[in-house]
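Student: Predicted model, plus sequence, below.
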Amino acid sequence: MLTHLIEFVYRLLWGDLFTLPVGGGIGISLMVVLLFTAGIWFTLRTRLLPVRLFRDMIAAVCEKNQNKEGLSSFQTLVVSTATRVGMGNLVGVVAAVSAGGAGAVFWMWVTALLGASTSFIESTLAQKYRQPDPLYGGWRGGPAYYLHALAERRRGKKLRHSVTAALFAVSGLICWCGISQVISNSVSSAFQNAFHIPPLTTTLVLTALAALIVLRKNATVKSLDVMVPIMAVCYFVLTVGILVVNFRQLPAVLGRIFAEAFGLRQIAAGGFGAVLMNGVKRGLFSNEAGSGSAPCAAAAAACDDPVKMGFVQALGVLIDTVVICSCTAFLMLLVPQDLTAGLSGMDLLQTAMQYHLGGFGTVFIAATLALFSFSTFLGVLYYARGNVAYLCGDNWWSQTVYKMIALVMLLIGGLQAYTVVWDLGDVGIGLMTIFNMIALYPLSGEAMDALNDYEKRKKLQ
């Protein structure tokens, strides 16, 4: 019954809202409409911010934190990167290429470039409407909080809860539980392929390790500070090395990506919709722009200007998809197609790594995925803090209950079907996006005012 409900909501969000009469018909979902419309609108409104202010993004990340009460800009980038790099860049890209082919990678790039401006808007607003966190110290916030502020403004009075804010918070908690399932599902599959370890054993160990960290008060960010930079650099260096060795094949791979993204063969066969949909869907799952996840980390930063945190998270979107996702995609697409035909999920990625690095490749990707996935789990639980507090108030029992639920979902996910696990995450992120967009459009003027003020001050310096 629950599986049927998940699949029903999934079809409403990600199924065809209407069909464009091109070739065999291109199905366009509600999520594609929302994300592309918002991405185009905010990119134009910020006057191509990702290109125009790229140097300012780098400077914002490197800025030192003078206030010890909150996270630094770099730490918020680390937390958001923890949830992007791993599930998005490994599992998400694999899912996109498995279902949509090489052309899906191009649409992931488009989603990221458009999403950077959307991420700037939502993260700037999260900084502006953040609140002190009496439980963990520092700050907390996110879409639930600026949705609440918008509701109070429209109603003209103080509210204990806003319906839309509460719905966003619930959707986020559902999404992050779904991600917890994806984590254990992917790691148990990878370890079974690499080490022949039964999925149940891997899942139990993963859950026990996660419990040791998340049930402690402030161990999450400290753990991520160590894990994320090391694992991201190691993965990036190794993949770049493989690309250098195979540089003669890169033009052919790029040609395949663009050919399948716009190819007449896909349109004529009615498969273009699958290419587009899987690229956008996995692109959103990877970079989170517009979904309202990253603002939960952005709000926690001790930043002297909300615009700077918007820059940090916009840069995070570009690093995530344009750089790291591309590395994973190229690793798979450099492998002869006859070796990967019919493969999906972690089987596809591990086959690719085995082709490039032999037996070490399979072991490396399993270990890397375990670390990336573990950091993703810690990151989404950090996101959940503020949403749980919004729904249940400032108390430790509600925080602990959600952590326990997430650990249970982590345990269940290792034994569930691959498609069901992904569908739950997609349902949650789709609902989050809908509620987040309700606030982004009416409040985006405030983010633009802050950006214009920043640029005026910059000219006077």
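Tutor: Noted; the coordinates are in hand.
Student: If you count contacts, what does the biggest helix by length in the chain end up packed against?
Tutor: Ranked by residue count under DSSP state H, the longest helix found in the chain is helix 418-460. With contacts taken as 3 or more Cβ pairs under 8 Å, 6 or more residues apart in numbering; DSSP states H and E, helix 418-460 sits against helix 2-14, helix 30-45, helix 103-128, helix 143-155, helix 163-195, helix 272-287, helix 306-318. Where you see a C-beta, it was placed from the backbone N, CA and C, and this is true even at glycine.
Student: what packs against the helix or strand just after the last one?
Tutor: Think helix 306-318. Per DSSP states H and E, helix 306-318 leads on to helix 326-333 as the next helix or strand towards the C-terminus. Applying 3+ Cβ pairs under 8 Å, 6+ apart, we find helix 326-333 packed against helix 93-100, helix 103-128, helix 219-245, helix 250-262, helix 345-357.
Student: Need the winner for burial among those helices.
Tutor: Highest mean neighbour count of those: helix 103-128, a mean of 28 (counted as mean count of other Cβ atoms under 10 Å).
Student: For the residue nearest to residue 395 when sequence neighbours are not counted, pull up the helix or strand it's in.
Tutor: Excluding the flanking residues, the one nearest residue 395 by Cβ to Cβ, 6 or more residues apart in numbering is residue 135, at 7.9 Å. Secondary structure from DSSP H and E places residue 135 outside every helix and strand.
Student: tell me the contacts of residue 135?
Tutor: Applying Cβ atoms under 8 Å, 6 or more residues apart in numbering to residue 135 gives the contacts 385, 389, 394-396, 399.
Student: Quick one: work out the angle between the longest helix of the chain and helix 345-357.
Tutor: For helix 418-460 against helix 345-357, the angle by axes from the mean of the first three to the mean of the last three Cα atoms, to 10 degrees is 70 degrees.
Student: Show me the shaky parts of this structure.
Tutor: Low-confidence segments of the chain (pLDDT under 70): 1-2, 20-27, 64-92, 95, 98-100, 217-229, 262-287, 340-346, 416-422.
Student: Residue 18 should be in a helix, yeah?
Tutor: No. Going by DSSP: H, G, I helix; E, B strand; the rest coil, the assignment for residue 18 is strand, not a helix.
Student: hey, what's it bridged with?
Tutor: residue 28 (DSSP bridges).
Student: would CSV of the helices and strands packed on helix 326-333 with distance to residue 49 be doable?
Tutor: Output for the helices and strands packed on helix 326-333, formatted as CSV (distance: least, Cβ to Cβ, whole Å):
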stretch, distance to residue 49
helix 93-100, 25
helix 103-128, 5
helix 219-245, 24
helix 250-262, 24
helix 345-357, 33
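Student: closest one to residue 338 among these?
Tutor: helix 345-357 (11.3 Å; Cβ to Cβ).
Student: Buried by neighbour count: which residues of the following helix or strand past that closest one qualify?
Tutor: Scanning forward in sequence from helix 345-357 by DSSP H and E, the next helix or strand is helix 359-392. Residues of helix 359-392 classed as buried by neighbour count (16 or more other Cβ atoms under 10 Å): 361-391.
Student: Between helix 345-357 and helix 359-392, find me the angle.
Tutor: Using the same axes, to 10 degrees: helix 359-392 against helix 345-357 is 140 degrees.
Student: Tell me how far the next helix or strand after helix 359-392 lies from the chain's centre.
Tutor: Next helix or strand after helix 359-392 toward the C-terminus (DSSP H and E): helix 396-413. Taking Cα atoms, centre = their mean, to the nearest Å, the mean C-alpha location of helix 396-413 is offset from the chain mean by 20 Å.
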